[in-house]
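Engineer: Next comes the sequence, and after it the predicted model I'd like to discuss.
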Amino acid sequence: MKLVKKTINQTGPKHSATVIFFHGSGDTGSNLVEWVRFLLGKDLEFPHIKVIYPTAPLQPYTPLEGELSNVWFDRRSITIDARENRKSLASIYETVHELINEEENLGIPAERIIVGGFSMGGALALHTAYHLNTDLAGVFACSSFLNRDSIVYDSLKNRTKSGTDLPELKMFHGSRDSLVPLKWGEESFEELTKLEVKGEFSVLKNTLHELKKREILDIQDWISTKLPPLANDLQNKL
């Protein structure tokens, strides 16, 4: 397993649900926390939900000519028709499994865990929810895409629990994104919906490759709906 640092936002001593928010390539979990805080004017926090911001391991990154960068996996190039580097992906899968297992060991079931991310982090979230663990509560992906040959599509096509509900999906994409074109995000969403994924794709007008306040607020409201407080959470407030 590749060890990662984690920045955690938790408002109380106990939590009954968890959100894992993966940053984009070259970033860190602590920087993502600051970005969200800048946009909202406060942290993304909930009374009963722990929010985890992991930091990707430092490793050679081919699009940067092999320079070391904090990336979740290596890729041959930043384009939708490039072949996935499945060996690199398999390595980070171990880390993701460990992050989820840690929460499950604390008593948080998979159906009370949401994963999400920005850019490369959103792609990892899609891999997590539709290839590694389809029992999760939901997934959000911001300015992200899947390669056309993605193992995610293969996994969904071959899953044994066909007909059962998959994690709900929320995708967002800037209309003026030049790094990850809008059409890549739209194509990825369309392919996922063909494979029984249900969700929503939102186009952010006049938005580049970036997070926006209205996007985070929408995600915040959606998380609150998907992961409502349990009876024990309410009792702990009394």
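Structural biologist: Everything's here; your move.
Engineer: In this structure, where's the longest helix?
Structural biologist: When the chain is scanned for its longest helix (criterion: DSSP state H), the result is helix 86-105.
Engineer: And that helix, what's buried?
Structural biologist: Judged by neighbour count using 16 or more other CB atoms under 10 Å, the buried positions of helix 86-105 are Ser88, Leu89, Ser91, Ile92, Tyr93, Thr95, Val96, Leu99, Ile100, Glu103. To be clear about C-beta, it is placed using only N, CA and C from the backbone, and glycine gets the same treatment.
Engineer: again with stretch 10-27
Structural biologist: Buried residues in stretch 10-27, counted by 16+ other CB under 10 Å: 10, 15-27.
Engineer: now those residues as JSON lines including pLDDT, secondary structure and distance to Ser119?
Structural biologist: Shown next, in JSON lines, are the buried residues of stretch 10-27 (pLDDT from 0 to 100; DSSP: H, G, I helix; E, B strand; the rest coil; distance: CB to CB, whole Å):
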{"residue": "Gln10", "pLDDT": "73", "secondary structure": "coil", "distance to Ser119": "25"}
{"residue": "His15", "pLDDT": "93", "secondary structure": "coil", "distance to Ser119": "27"}
{"residue": "Ser16", "pLDDT": "95", "secondary structure": "coil", "distance to Ser119": "29"}
{"residue": "Ala17", "pLDDT": "97", "secondary structure": "strand", "distance to Ser119": "25"}
{"residue": "Thr18", "pLDDT": "97", "secondary structure": "strand", "distance to Ser119": "22"}
{"residue": "Val19", "pLDDT": "97", "secondary structure": "strand", "distance to Ser119": "17"}
{"residue": "Ile20", "pLDDT": "98", "secondary structure": "strand", "distance to Ser119": "15"}
{"residue": "Phe21", "pLDDT": "98", "secondary structure": "strand", "distance to Ser119": "12"}
{"residue": "Phe22", "pLDDT": "98", "secondary structure": "strand", "distance to Ser119": "9"}
{"residue": "His23", "pLDDT": "98", "secondary structure": "coil", "distance to Ser119": "8"}
{"residue": "Gly24", "pLDDT": "98", "secondary structure": "coil", "distance to Ser119": "3"}
{"residue": "Ser25", "pLDDT": "97", "secondary structure": "coil", "distance to Ser119": "6"}
{"residue": "Gly26", "pLDDT": "96", "secondary structure": "coil", "distance to Ser119": "9"}
{"residue": "Asp27", "pLDDT": "97", "secondary structure": "coil", "distance to Ser119": "9"}
